[in-house]
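S.K.: Pasted the sequence and its predicted model underneath.
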Amino acid sequence: MRLFHFALAFLVISASFAQQQAYPDDYFRAPLDIPLLTSGTFGELRGSHFHAGTDLKTQQREGLKAYAAADGYISAIKISPWGYGKVLYITHPNGYTTVYAHLKKFNTVIEAYVKKQQYEKESFSIEISPDASELPVKKGDVIAYTGNTGSSGGPHLHFEIRDTETEKPINPFFFGLKVKDTQAPVIQGLYAYSLSDSTRVNQSQHPLPIRFSRQPDGTLLADGITAFGDIGFGIRTYDRQDLSYNKNGAYSVQLSVNGNARLSYDFRTFSFAETRYIKTMIDYSHYVRQRQIVQKCFIDTGNRLSIYGRQHQNGIIHIEEGSQYNVLIEVSDFEGNSSTLQIPVSGKKEDIRQPVKKEITPYHLRKNRDNIYTIGKNTVFFPANSSYGDLYLDLEDLGNGSCRVHHPEIPLHDNYTLTMDVSEYPEGERKQLFIAHTDSRGRPAYRKTYKRGNSFSTHTRDLGVFSIVKDSTPPRVTPVNFKNKQWLSNYHSLKIKITDDLSGIDTYRATINGKWILMEYEPKQNMLTYDFEDMSFDESKQQLEVVVTDNVGNSTTFNATFYRAKKTKNPGARP
């Protein structure tokens, strides 16, 4: 018996080790039955997060069949107007879970299962965790149809493979997902960074774009630079697969100096818990100002990402007077196609003509402790470790219910709390007030506002200008495909457009003859849609009511009468 337990433990450990070292490349089938083209790759840098899957094109249309990649069971179903939209999770017996997101609808069985619970909970947005025996699937089963739901920018299927135990996403290409790719990644831009107070690059301490040109052998050669002290480099790069024009993310980056490896990272896997550290991996300031992603080839302050492999001195290069350095950056895709950029560096302690002036203010934020400050009658509280490092804050009372909390190009890791005084506003108006953050276009953007007496608070990771804003205009509700007192016997759905001009839509509720109905919300189109298959009618005259409320409580009630021929109740129709 003891020998049996030892053998069993050995097999479990061996299986776990094997899973870490190699992935089964013939276990999963493709989730689509069309030639696979990608519009997004695993690990792709998205500004505020890493892309957790592979985006597969669906020929610019919705409604393609999505197939179960292997035997298993539906372990989670989520529906939201945001994020992944309509998404299915299938748990497989080999220790992995596949994810299918931005779906238009599920297959008949799953659709009925979900709608039953939506009607019971009277909610479009829902999260369900079925038991393993409830919704089993076989490899190749049609589980859903592709769509464009949630925060999707166009029709496609977002496909993931995760380790079931750790929930860490893994690059689907390791599992045999094949996309033709013979093109090397493209390096668009090169930037040099001074990383200490005494460092300079080309007599400057500011981030500098460095020119480069293509050589006869296909490699890239940068203009020679002079430098002194600790420096680092960053690149703008993208990769294209064959037959697809999308600029996707590259798989790996390696940095070497004089033939010695200094830093490498790749996108084999990562943890959702660490994805926010992308703000330290990219030049966040450049991203906010230019909407371009520069990925650093060094590990900056506060960076705790696990994607790095071999590293020496965090990829930071110490340049000494009179020495010569040959820096090489190699960018590769999953298939091994690569581009290399050579950067000649001469160590020279020249005068600094463009110094970085560090602004010292009375508000010195210390990363490892709580920090609280007063801005006029307002207060701001930064918990310990909400920032990536120590910094001096620019805090200013701007008057007229506005204040500045530093600058938006500085990243934060966790929320801080801004509390604003509203004692100057009449109590009767406060219900319609909220805290707004000025977005990149200068528009007020609603922030969830907690109200208590004379104090309004919000929790946010955004920096910049905040204001107290009044919203007294209720949402607008407009019928799209019908008119009041119209016969709708041949209609498959009701469509209603809902919009709000300032604080945004908070809730909506729709009923027919007093009974709650499921209206699917598509915020990209500001559309509510009701499927007539959900209900049968005993009478021809129907009374529709839709109540829409914005984020400060302004409400609009829309009423309409329509007529529909009586119909025998369908099996499975909603009560």
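M.R.: Sure, I can see it.
S.K.: ranges for the helices of the chain?
M.R.: 2-21, 108-121, 278-281, 284-290 (DSSP state H).
S.K.: So what are the sheet partners of the top strand by length along the chain and their directions?
M.R.: Secondary structure assigned by DSSP state E gives strand 225-238 as the longest strand of the chain. With DSSP bridges as the test, strand 225-238 is paired with strand 186-194 (antiparallel), strand 200-201 (antiparallel), strand 295-296 (antiparallel), strand 317-319 (antiparallel), strand 338-347 (parallel).
S.K.: Need these in TSV (columns: distance to residue 246 and mean pLDDT).
M.R.: (Each C-beta comes from the backbone N, C-alpha and C, glycine too.) TSV is the format used below for those (distance: least, CB to CB, whole Å; pLDDT from 0 to 100):
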stretch	distance to residue 246	mean pLDDT
strand 186-194	12	98
strand 200-201	33	98
strand 295-296	18	98
strand 317-319	33	98
strand 338-347	18	98
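S.K.: Just say which of those is most tucked in.
M.R.: With neighbours taken as mean count of other CB atoms under 10 Å, the strands paired with strand 225-238 reach their highest mean count in strand 200-201, at a mean of 27.
S.K.: how far is that strand from where the chain is centred?
M.R.: With CA atoms, centre = their mean, to the nearest Å as the basis, strand 200-201 stands 35 Å off its chain's centre.
S.K.: what's in contact with that strand?
M.R.: 192-194, 208, 225-229, 231, 349-350, 352 (CB atoms under 8 Å, 6 or more residues apart in numbering).
S.K.: what would the strands paired with strand 225-238 look like in CSV with distance to residue 122?
M.R.: As requested, these are exported to CSV (distance: least, CB to CB, whole Å):
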stretch, distance to residue 122
strand 186-194, 50
strand 200-201, 61
strand 295-296, 45
strand 317-319, 60
strand 338-347, 54
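S.K.: out of the contacts of strand 200-201, which are buried?
M.R.: 192, 193, 194, 208, 225, 227, 228, 229, 231, 352 (16 or more other CB atoms under 10 Å).
S.K.: What is the nearest of those residues to residue 48?
M.R.: Checking the buried ones among the contacts of strand 200-201 against residue 48 by CB to CB gives residue 193 as the nearest, at 21.2 Å.
S.K.: residue contacts, the closest one?
M.R.: 201, 207, 231, 232, 233, 234, 296, 298.
S.K.: Give me the buried positions along stretch 500-508.
M.R.: Neighbour counts over stretch 500-508 (16+ other CB under 10 Å) mark 500, 502, 503, 504, 505, 506, 508 as buried.
S.K.: now, which of those lie within strands?
M.R.: Using DSSP E, the buried residues of stretch 500-508 in strands are 505, 506, 508.
S.K.: about what we covered before: which of the buried ones among the contacts of strand 200-201 sits closest to residue 516?
M.R.: Among those, residue 193 lies closest to residue 516 (CB to CB), at 56.7 Å.
S.K.: Domains in this structure, by residue range?
M.R.: Using automatic domain parsing, the domain parsing of the chain gives 24-175, 186-347, 363-470, 476-563.
S.K.: And those domains: which comes nearest residue 357?
M.R.: Using CB to CB, these put domain 186-347 closest to residue 357, at 9.3 Å.
S.K.: Relative to residue 467, how far out is residue 109?
M.R.: Residue 109 sits 50 Å away from residue 467, going by CB to CB, to the nearest Å.
S.K.: Is it correct that residue 134 is in contact with residue 73?
M.R.: Yes. The pair residue 134 and residue 73 qualifies as a contact (CB atoms under 8 Å) at a distance of 7.5 Å.
S.K.: who's more crowded, the two?
M.R.: residue 73 (18 against 13; other CB atoms under 10 Å).
S.K.: Report the beta-bridge partners for that one.
M.R.: residue 91, residue 136.
S.K.: got the contact list for it?
M.R.: 90, 91, 130, 132, 133, 134, 135, 136, 137.
S.K.: Compare those residues and tell me which is most surrounded.
M.R.: residue 90 leads the contacts of residue 73 on contacts (other CB under 10 Å) with 24 neighbours.
S.K.: How about the contacts made by the nearest residue to it once chain neighbours are set aside?
M.R.: Nearest residue to residue 90, sequence neighbours excluded (CB to CB, 6 or more residues apart in numbering): residue 72, at 4.5 Å. The contact partners of residue 72, by CB under 8 Å, 6+ apart, come to 90, 91, 92, 93, 98, 136, 137.
S.K.: Quick check: the farthest pair among these?
M.R.: Farthest pair in the contacts of residue 72, by CB to CB: 98 and 136, 14.3 Å.
S.K.: Just give me the neighbour total for the residue nearest to residue 467 when sequence neighbours are not counted.
M.R.: Closest residue to residue 467 apart from its sequence neighbours, by CB to CB, 6+ apart: residue 402 at 4.1 Å. Burial of residue 402 is recorded as 18 neighbouring residues (other CB under 10 Å).
S.K.: Tell me if I'm right that residue 402 and residue 469 touch.
M.R.: No. Residue 402 lies out of contact with residue 469 (CB under 8 Å); the separation is 9.4 Å.
S.K.: tell me which residues of stretch 514-523 are tucked away?
M.R.: Neighbour-count burial for stretch 514-523 flags 517, 518, 519, 520, 521, 522 (criterion: 16+ other CB under 10 Å).
S.K.: CA atoms of that stretch as PDB?
M.R.: Extracted C-alpha coordinates of stretch 514-523, given in PDB (Å, rounded to 0.1, in the frame of the first residue of the first chain):
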ATOM      1  CA  GLY A 514     -46.300  44.300 -15.700                       C
ATOM      2  CA  LYS A 515     -44.100  41.200 -16.200                       C
ATOM      3  CA  TRP A 516     -40.300  41.700 -16.300                       C
ATOM      4  CA  ILE A 517     -38.800  41.000 -19.700                       C
ATOM      5  CA  LEU A 518     -35.200  40.400 -20.700                       C
ATOM      6  CA  MET A 519     -33.900  43.200 -22.800                       C
ATOM      7  CA  GLU A 520     -30.300  42.700 -23.900                       C
ATOM      8  CA  TYR A 521     -28.100  45.800 -23.600                       C
ATOM      9  CA  GLU A 522     -25.500  46.700 -26.300                       C
ATOM     10  CA  PRO A 523     -23.900  49.900 -25.100                       C
END
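S.K.: How about residues contacting it?
M.R.: For stretch 514-523, the surrounding residues in contact (CB under 8 Å, 6+ apart) are 81-82, 115, 118-119, 122, 124, 149, 494, 496, 505, 508-511, 527-531, 534-535, 543, 546, 574-575.
S.K.: Flag the shaky bits of the stretch 451-575 of the chain, pLDDT-wise.
M.R.: 567-575 (pLDDT under 70).
S.K.: in it, which spans are strands?
M.R.: Assigned by DSSP state E, counting those that start in this stretch, the stretch 451-575 of the chain shows strands spanning 455-460, 464-470, 476-479, 486-487, 493-499, 505-512, 515-516, 519-522, 527-531, 541-550, 555-563.
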